[in-house]
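> Below are the sequence and a predicted model for it; my questions follow.
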Amino acid sequence: MITPSLYSDLLKKSQTGRPIRVGLIGAGRFGTLFLAQARTIPGLHVMGIADLIPERIRLALEPAQWSPAQMGAATPKEAFNQGTTWATDNASELIAAPGIDVIIEATGIPAVGVELAGLAIEEGRHVVMVNVEADVVAGPILAARARAAGVVYSMAYGDQPALICELVEWARLCGFSVTCAGKGTRYHPSFHQSTPEESLRHHGYDPENALKAGMNPKMFNSFIDGTKAAIEMAAVCNAMGLQPQTGGLHFPACAPDELPLVCRPSQAGGILTASSTVEVISSLDTDGTEIPHHLQQGVFVVFESDTPYVHDALQAYRVATDETGRYAALYRPFHLVGLELAISVITAALRGEATGSPNGFRADVVATAKTTLGPNTILDGEGGATVYGTLVPAKKSVAEGYLPIGLSDGARLKHEIVAGQPLRWSDVNLEREGIAFELRQEMEGLLQ
């Protein structure tokens, strides 16, 4: 939750000449949006930026309107002393640079994100994890290690999971029971079979123009085929004590004001198999038409009160409720991604608090076949043409030996897998080396 005095404390920090020093790993869209705002925030010094492709750093800084003088540092020491920014292709070197307070991990690659977050925690840096894919693979273990090290491991404010966590916290602090929390997206059942080549058209973009603009079809396919929705809802479950529904996500077509009617338990007339759960609502009706005033970019919480006096008050204040007033919804119609990311950085550095952080392994996202896949098929992971992610309870995932989608890229099938079937570790040949696999094994061991 944002506290009213946070900006005042940041100004005081700025006046002391000891700003919050930040290292950004990954100069993609999220990172670029952060950089565009970071240069305008007093008391915040982006000391270094790391990306495997140095040219991408320059391409990120130009639209963010950073001056060549700001990017003039040749070394991290020079950046520290002069208040300028240093660029490197070595993320480990950035993490180890003296003076860094907060590391933002924004690579989007699960195994890389787990490893770099682990290194940052070992170096005593706070970690803001933009990489939700990595968080779902091993976030609960990373968060536990961060707590033991006296640093913060945080979700990224501006991304939907952290904003959902904030709404859940609001409801609980007000004394309401949380029935359901989630987000909107553009979804249709046929999208589960979407390929990267088809994804841009599903989003409503002209593929040729979208590719010229630098849009990543595989990334967009993760949003359209339901994988990203499952990943983000798993992160919310693991941070806020919620549980997946039976059957995972149902993606009902729903307008914001209908949330208390749709996202309530089935015995009350809704679609939920249980309370204290998550759901993602679609901006598209089953016939493919767009719902008016949809919540495609937004987040929501459906909450419950058992007091008729409160029911009447909610309706009097024109809150969206069901016909009884028992179930009500609060929603935010948009999220601004990296433009809001500084809130996580500042909260971690000044308050020692996270804007959402996993505290248990409750939900997982497993690789599920998009079509019938033959023996020796090589999986292409999140956003690819072979598998999509399905939300399942973590206990079920571990008991069944399911393959997490975040570690599925490059796995080779041993035998045929039919469309719609979740994959297991035993179905694939896969090198299980590296920190991500080690931490994942440790995390699964907690439920065995």
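Looks like it came in fine.

> helices and strands of this structure: which one bottoms out on pLDDT?
Lowest mean confidence among the helices and strands of the chain (mean pLDDT, DSSP states H and E): helix 207-212, at a mean of 64.

> Off-centre distance for the helix or strand just after that helix?
Downstream of helix 207-212, the first helix or strand assigned by DSSP states H and E is helix 217-224. On the basis of Cα atoms, centre = their mean, to the nearest Å, helix 217-224 is displaced by 14 Å from the centre of the chain it belongs to.

> what's the answer for stretch 321-331, then?
With Cα atoms, centre = their mean, you get 27 Å for stretch 321-331.

> Format the CA atom coordinates belonging to it as CSV.
Output of stretch 321-331 as CSV, limited to C-alpha atoms (Å, rounded to 0.1, in the frame of the first residue of the first chain):
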residue,chain,number,x,y,z
THR,A,321,-22.9,-5.1,-6.0
ASP,A,322,-25.0,-8.2,-6.6
GLU,A,323,-28.8,-7.9,-6.1
THR,A,324,-28.4,-8.5,-2.3
GLY,A,325,-25.5,-6.2,-1.6
ARG,A,326,-23.6,-9.1,0.0
TYR,A,327,-21.0,-9.3,-2.8
ALA,A,328,-19.4,-6.1,-4.1
ALA,A,329,-16.5,-5.2,-6.3
LEU,A,330,-13.8,-2.6,-6.4
TYR,A,331,-11.8,-2.3,-9.6
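
> List the buried residues in that stretch.
For stretch 321-331, the neighbour count (16 or more other Cβ atoms under 10 Å) marks 321-322, 325-331 as buried. (C-beta placed from N, C-alpha, C; glycine too.)

> Also stretch 282-292?
Buried residues in stretch 282-292, counted by 16+ other Cβ under 10 Å: 282-284, 291.

> hmm, back to that, kindly indicate which of the buried residues of stretch 321-331 lies nearest Cys165.
Nearest to Cys165 among the buried residues of stretch 321-331: Leu330, at 13.4 Å, using Cβ to Cβ.

> Next, the contact list for the closest one, please.
Leu330 makes contact with 167, 170-171, 300-301, 303, 319, according to Cβ atoms under 8 Å, 6 or more residues apart in numbering.

> if you set the cut-off to 6 Å instead, what comes out?
Residues in contact with Leu330 (Cβ atoms under 6 Å, 6 or more residues apart in numbering) are Val301.

> quick revisit: in strands, which of the buried residues of stretch 321-331 fall?
The strands in this structure, assigned by DSSP state E, contain 321, 327-331 from the buried residues of stretch 321-331.

> will you turn those into a markdown table that also has pLDDT and distance to Ala234?
Output for these, formatted as a markdown table (pLDDT from 0 to 100; distance: Cβ to Cβ, whole Å):
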| residue | pLDDT | distance to Ala234 |
| --- | --- | --- |
| Thr321 | 98 | 29 |
| Tyr327 | 98 | 24 |
| Ala328 | 98 | 25 |
| Ala329 | 98 | 22 |
| Leu330 | 98 | 22 |
| Tyr331 | 98 | 21 |
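
> Export those residues to CSV and append columns for distance to Leu59.
Listed next are those as CSV, based on distance: Cβ to Cβ, whole Å:
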residue, distance to Leu59
Thr321, 47
Tyr327, 47
Ala328, 45
Ala329, 40
Leu330, 38
Tyr331, 35
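
> of all those, which comes closest to Val130?
Nearest to Val130 among those, with distances taken as Cβ to Cβ, is Tyr331, at 23.0 Å.
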